[in-house]
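In: I'd like to go over a predicted model; first the sequence, then the structure.
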Amino acid sequence: MTTTEADTKSPSELIDDRIASLGDWRGATLARIRALIRDAEPDVVEEWKWRGVPTWYANDKIICTGETYKNAVKTTFAKGAALDDPKGLFNSSLDGNVRRAIDFHEGDAIDDEAFKALVRAASAANGGGKR
């Protein structure tokens, strides 16, 4: 059995590597999203799931994921349908009963405070975080 990079590096290191490997606006956007998540929920736990998806947890439950695609960085909130979104950040996966997502495209501005409010609300919905 061989040891892979995912076996020897921490999830945070793997996320660092993903950000660096993108080398374009997607890496910068993922880095910004990650910083906002950590700022909003300092006790967040980072994981590396499903063969390479940065995932953030609070109280052993998923807050959100950070997926990168050719034309978007998608932040999917596991229980997004249950969250208030007064600034209308959710723009993807709107038909589902549970999750909601935000697709960020090149040049999109991020409303830092509204995004952090969603992260805090998702963490609180998981039974913890800043209420």
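Out: Thanks, I have the structure now. Numbering: from 1, shown residues only.

In: tell me the mean pLDDT over the lengthiest helix in the chain?
Out: In the chain, taking DSSP state H as the definition, the longest helix is helix 25-40. Averaged over helix 25-40, pLDDT sits at 97.

In: tell me which strands and helices that helix is in contact with?
Out: Here helix 25-40 touches helix 11-22, strand 53-58, strand 61-68, strand 73-77, helix 112-125, going by 3 or more CB pairs under 8 Å, 6 or more residues apart in numbering; DSSP states H and E. (Glycine included, C-beta is placed from N, CA and C.)

In: Quick one: list the elements packing against the last one.
Out: The one in question is helix 112-125. Helices and strands touching helix 112-125, by 3+ CB pairs under 8 Å, 6+ apart, are helix 25-40, strand 53-58, strand 61-68.

In: Only alpha carbons, please: show that helix as CSV.
Out: Extracted as CSV, the C-alpha positions of helix 112-125 are listed here (Å, rounded to 0.1, in the frame of the first residue of the first chain):
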residue,chain,number,x,y,z
ASP,A,112,-17.6,40.2,3.6
GLU,A,113,-20.1,41.0,6.4
ALA,A,114,-23.1,39.2,4.8
PHE,A,115,-20.9,36.1,4.0
LYS,A,116,-19.6,36.0,7.6
ALA,A,117,-23.2,36.3,8.9
LEU,A,118,-24.2,33.3,6.9
VAL,A,119,-21.2,31.3,8.3
ARG,A,120,-22.1,32.3,11.8
ALA,A,121,-25.8,31.4,11.2
ALA,A,122,-24.7,28.0,9.8
SER,A,123,-22.5,27.4,12.8
ALA,A,124,-25.2,28.3,15.2
ALA,A,125,-27.6,26.0,13.4
